[in-house]
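S.K.: sequence plus predicted model, see below.
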Amino acid sequence: MDFKFDDKAEELRKKIREFVKDNIPTDIKMGLFVDEHYDEDWAFAMETAKKLSDIGWLTMSWPKEHCGMGASVWERVVMGEESGYWGIPGMGMGVSGTAWVGPSLMLFGTEEQKKKYLPKIASGEDDGVWCTGYSEPDSGSDLASLQCSAKRVGDEYIINGQKVWNSAGHRARWCWLACRTDPNAKRKHDGISLIIVDLQSPGVTIRPIPNIIGAHVFNELFFKDVHVPAENLVGKENNGWAQLMQALAFERGVAISSSAMTRRMLDELIHYAKETGAFAKPEIRHKLVDLAIDIKTLRILAMEAAWKVAKGEMVIHEPSRDKALNDLILEKVGQIGTEIIGAFAQVDPLEKNAGLQRLRGLMEWIYFSTPGMWAAAGTTDTNRNIVAQFGLGLPRGY
Amino acid sequence: MDFGLTKDQELIRKSIREFFEKECPKEKIRELKTDKKGYDPKMWKKLADLGYMGLVIPEEYSGAEGSFLDLMIVMEEIGRNIVPGPFFTTVCQSAPAIEKFGTPVQKKNLLKKIAEKGEITSYAVNEAKADYSAADIQLAATPQGDGFVLNGVKLFVPYANSATHLLVAGRTKKSENPEEGVTLFLVDAKSKGIEIEEIPTAARDMKCEVRFANVGVSKENVVGEIDKGWQIVDYVLQYGAVLKSAEMSGGVQAALDIATRYAKERYQFGKPIGSFQSLQHRLVNMLTEVDGLKNLVYEAAWYMDQGKPDTMLNSMVKVKANNVYHRVCYDAVYIHGAIGWTEEMDISLYLLRSKANENDCGANGVHKERIAMELDRYEPLFLSMRA
Ligand SMILES: Cc1cc2nc3c(=O)[nH]c(=O)nc-3n(C[C@H](O)[C@H](O)[C@H](O)COP(=O)(O)OP(=O)(O)OC[C@H]3O[C@@H](n4cnc5c(N)ncnc54)[C@H](O)[C@@H]3O)c2cc1C
């Protein structure tokens, strides 16, 4: 056993903190989906992405031949922790590209695709921003029932259908699209393919969906006879489901950065509660203590999963386990946080420079964001279904 | 970072697990509930012969000089198999206190006998409040001649009726700060004036009330410095809290296994009950809690092992263990339906220990205040960026 990071990872941590000192404001409005709404916030995120790319950190875990640094699992973990704690924007550029499109392309993509798309993502430029098109109005948790169709005609696919909840769709150049290529397949899981769509193609319409507090973080996408070159198929035709499962596993590994993000929230809260005197009340400080223990627990679970990955083990249920736990912790942060802020928690967190916001509106932001986070990347309960099946070997019950 | 055990540690786990499976089946645990001693001396002797009693005792006192992690593994296995006996109080509380704070003579006399013969020493700290606070320690230790006379009552002293020695926290001075004026004594359990009576606990895990009426102790039997014993109590509290949590972690790992197995075997509505989603999610939440506790214990134990105890983490681990032990045992019983609520089922043995485990080495109130104190002192990381 050893619960310290290796020197190389700690060295990286130091460098990241220097970067933070020079580039990230200490009062940054950090948290979940905070960059996509305002143009100036998005611009700052992309500006930061460019700087991260220049150092090589944006896609540090990718191999050198694909514009990465070949960073170790533990360096990646440190990057995740630090970006979560300091709220480094732009790390994900709308998330999809760096976190799962790139890694999936490295697994399933053609040489041409790798050459064309990976450098764009790694360079932190506008053309490297992706969104993900999985969900549809009638296909949410039951993703395999998706209907958006791609018909092969000559050396093209013709796409028709609708996608929904596309995070950062309004900022993205490309869509990582799951669609049905064989409507006659016996099982709904068969007949699905992953196709890369240029969102500037004729026939694509993007419509914003204001979220619960009116922020523009996700969208609806409509495809009407959109022509896509057949070379944009990723992996094998009709084999999309297996590839998708892999991509979703990449997507759910949020616990490292999220446990660091919530620890930052906790640190801010404790500091605030000491200043206001709330910390002296046992009922308040015990809640903060409980939260500190939960966050510590999430962190150690995420580390355990990373350790398995570092050993070369497959992690199947662990990211889902940690996603579900993270969902509970987000609720607690928001609840305890807004309780400590008190009446000031009713001030709109989306408002810039609202004088009566406390802690920059972080607590009400997380309070109102949490139910959305519960749904994103598979709901809490569908992730529990995965743990039941793969972690405990229980028979599927639905 | 490495969550893995070494080959030697794996071997310890395997050997001790097999030992308990063979020597301490659940029928025996049930039999011991009505036994006068509450443990099996024959098994105890074997355990000592195999070197487990001296596992972390230095070689010069006939021990194996193993690591804290070795001991943690044994405690996890004791918890997994809910092995009744004085292992914890002797090896995880009394021996470490003597080793760190005892005189050479005390070490020689006591540690050697624990390692070689498995002699039992019980740690006697709780009194009327039984809350691990310094104020709870009221047993009067009055100077007399070249020693002390003890008068008072200790509660929940494990296996005191089989112990050769008691490690007793007494009050040698009344002061405003209750942490001052505590002194520890190593007392011969057969001394005149000691009366021992079993407390009928729900788990029948042999906790005793020990009454001291003018019990004489010589100065040589003071452990550590006079009036400065609180630091020993605090040391044992932390050392023990991590190991008690390891025991509880082993317990809930077993409880989860039992409940999961039952959920696959029991049929209702023509299906295994484990296919019902409400039970699945209950089990998944249990798994998350069990995994979380297990790994937190490992982390805390590793810091102990490095000689750099993380005091805040130690307290966090005990609170976590308290919460998880309750939750998992309750849910595991629920998953069994009515039969879970019977003496007959093994799962009941785990739940019955919950209140003892929760209070041993500190309940939530004690540890949450310790954590809060640390958080109060703590300079948050984000401030370091603010010029
Ligand atoms: C902030 C945010 C960002 C998102 N970003 C994207 C994106 O970029 N791209 C994309 O494609 N999608 C995205 N999504 C969509 C997300 O993947 C879906 O919301 C999610 O898969 C759930 O689908 P649904 O919303 O249709 O809910 P439904 O599937 O209709 O679920 C409704 C309720 O039923 C429950 N339920 C459903 N099935 C089961 C079951 N088998 N067992 C138990 N309970 C069940 C759910 O837990 C939930 O409570 C995003 C969502 C959010 C909130």
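M.R.: Received, thanks. Bear in mind that the values here come from a model prediction, so they are computed numbers and not experimental data.
S.K.: ok, B:Phe101 touching B:Trp230?
M.R.: No. B:Phe101 lies out of contact with B:Trp230 (Cβ atoms under 8 Å); the separation is 11.6 Å. From N, CA and C alone the C-beta is placed, and that goes for glycine too.
S.K.: can you list the residues of the stretch 251-398 of chain A near the ligand?
M.R.: Neighbours of the ligand within the stretch 251-398 of chain A, by Cβ under 6 Å from any ligand atom: A:Gly372, A:Ala375, A:Ala376, A:Gly378, A:Thr379, A:Asp381, A:Thr382, A:Asn385, A:Tyr398.
S.K.: what's the closest residue to the fifth one other than its chain neighbours sitting at in phi/psi?
M.R.: Using Cβ to Cβ, 6 or more residues apart in numbering or on different chains and skipping the chain neighbours, the partner closest in space to A:Thr379 is A:Ser141 (6.1 Å). Backbone geometry at A:Ser141, expressed as degrees, to the nearest 10, gives phi -60, psi -40.
S.K.: A:Ser141: neighbour count?
M.R.: 14 (other Cβ atoms under 10 Å in any protein chain shown).
S.K.: try the one 5 residues further on
M.R.: Neighbouring residues of A:Leu146 were enumerated by other Cβ under 10 Å; the total is 26.
S.K.: ditto for the one 4 residues further on
M.R.: Taking other Cβ under 10 Å as the neighbour definition, A:Ala150 ends up with a count of 30.
S.K.: name the element residue 45 belongs to?
M.R.: As the question left the chain open, I've gone with chain A. helix A:39-55 (DSSP states H and E).
S.K.: wrong chain, I was asking about chain B
M.R.: B:Lys45 belongs to helix B:41-49, assigned by DSSP H and E.
S.K.: what packs against that helix?
M.R.: helix B:7-23, helix B:112-117 (3 or more Cβ pairs under 8 Å, 6 or more residues apart in numbering or on different chains; DSSP states H and E).
S.K.: gap between the residue nearest to A:Thr379 and the ligand?
M.R.: A:Ser141 sits at a distance of 3 Å from the ligand (criterion: Cβ to the nearest ligand atom, to the nearest Å).
S.K.: that residue touches A:Gly378, doesn't it?
M.R.: Yes. Taking Cβ under 8 Å as the definition, A:Ser141 is a contact partner of A:Gly378 at 7.1 Å.
S.K.: ok so, going back, out of the helices and strands packed on helix B:41-49, which one sits most buried?
M.R.: helix B:112-117 (a mean of 20; mean count of other Cβ atoms under 10 Å in any protein chain shown).
S.K.: model confidence over it, on average?
M.R.: Averaging pLDDT along helix B:112-117 yields 95.
S.K.: list the contacts of it.
M.R.: Applying Cβ atoms under 8 Å, 6 or more residues apart in numbering or on different chains, the external contacts of helix B:112-117 come out as B:48, B:51, B:53-54, B:57, B:61-64, B:90-91, B:94-95, B:119, B:121, B:164.
S.K.: quick check: mean pLDDT of stretch A:260-277?
M.R.: 97.
S.K.: next one: it to chain centre, how far?
M.R.: Relative to its parent chain, stretch A:260-277 has a centroid offset of 24 Å by Cα atoms, centre = their mean, to the nearest Å.
S.K.: try stretch A:351-371
M.R.: With Cα atoms, centre = their mean, you get 20 Å for stretch A:351-371.
S.K.: kindly report the same for stretch A:164-184.
M.R.: Remark: stretch A:164-184 is offset 16 Å from the chain centroid, using Cα atoms, centre = their mean.
S.K.: how many neighbours does B:Ile73 have?
M.R.: By other Cβ under 10 Å, neighbour count at B:Ile73 equals 26.
S.K.: ignore what I typed, I meant A:Pro63.
M.R.: A:Pro63 has 13 neighbours, counted by other Cβ under 10 Å.
S.K.: what do you get for the one 4 residues further on?
M.R.: The number of residues packed around A:Cys67, counting by other Cβ under 10 Å, is 18.
S.K.: A:Leu233 and A:His227, how far apart?
M.R.: A:Leu233 sits 14 Å away from A:His227, taking Cβ to Cβ, to the nearest Å as the criterion.
S.K.: need the residues touching each of those two.
M.R.: Residues touching both A:Leu233 and A:His227 (Cβ under 8 Å, 6+ apart) are A:Tyr157.
S.K.: the two: which has the busier surroundings?
M.R.: Neighbour comparison, A:Leu233 and A:His227: the larger count goes to A:Leu233, with 23 against 12 (by other Cβ under 10 Å).
S.K.: I'd guessed that one sits against A:Tyr157; true?
M.R.: Yes. Between A:Leu233 and A:Tyr157 there is a contact under Cβ under 8 Å: 7.2 Å.
S.K.: what sits in contact with each of these two?
M.R.: The contact sets of A:Leu233 and A:Tyr157 overlap at A:Ile195 (Cβ under 8 Å, 6+ apart).
S.K.: correct me, but A:Leu301 touches A:Lys323?
M.R.: No. Contact criterion Cβ under 8 Å: A:Leu301 and A:Lys323 do not qualify, at 10.6 Å.
S.K.: between those two, what contacts are shared?
M.R.: Residues touching both A:Leu301 and A:Lys323 (Cβ under 8 Å, 6+ apart): A:Ala255.
S.K.: the chain: helices as residue ranges?
M.R.: No chain specified, so I'll use chain A. Ranges of helices in chain A, per DSSP state H, are A:7-23, A:39-55, A:73-86, A:96, A:102-108, A:111-122, A:240-252, A:255-276, A:282-310, A:318-341, A:362-375, A:380-386.
S.K.: ah, I was thinking of chain B
M.R.: Secondary structure of chain B (DSSP H): helices at B:7-23, B:26-32, B:41-49, B:68-80, B:87, B:95-101, B:104-106, B:112-117, B:230-265, B:277-305, B:311-335, B:346-352, B:354-359, B:364-377.
S.K.: now do the residue in chain A positioned nearest to the ligand: how many residues are near it, please.
M.R.: Going by Cβ to the nearest ligand atom, the ligand is nearest to A:Gly140 of chain A, at 1.8 Å. Residues lying near A:Gly140 (other Cβ under 10 Å) number 17.
S.K.: residues in contact with the residue nearest the centre of chain A?
M.R.: Central residue check for chain A by Cα atoms, centre = their mean: the C-alpha nearest the mean position is that of A:Val95, 5.0 Å away. By Cβ under 8 Å, 6+ apart, the contact set of A:Val95 is A:Ser167, A:Ala168, A:Glu251.
S.K.: contacting residues for residue 328?
M.R.: I'll assume chain A. Contacts for A:Leu328 (Cβ under 8 Å, 6+ apart) come out as A:Asp294, A:Thr380.
S.K.: think we crossed wires, I meant chain B
M.R.: Applying Cβ under 8 Å, 6+ apart to B:Val328 gives the contacts B:Val252, B:Ala255, B:Leu256, B:Met286, B:Glu289, B:Val290.
S.K.: quick one on the thing from earlier: nearest to A:Trp86, of the helices of chain B?
M.R.: Nearest to A:Trp86 among these is helix B:364-377 (20.5 Å), distances taken as Cβ to Cβ.
S.K.: so what touches stretch B:375-382?
M.R.: Contact with stretch B:375-382 is made by A:26, A:85-86, A:264, A:267-268, A:270-271, A:274, A:279, A:285, A:288-289, A:292, B:312, as judged by Cβ under 8 Å, 6+ apart.
S.K.: closest one to B:Gly79 out of those residues, please.
M.R.: Closest to B:Gly79, out of all of those and judged by Cβ to Cβ, is B:Met312, at 23.2 Å.
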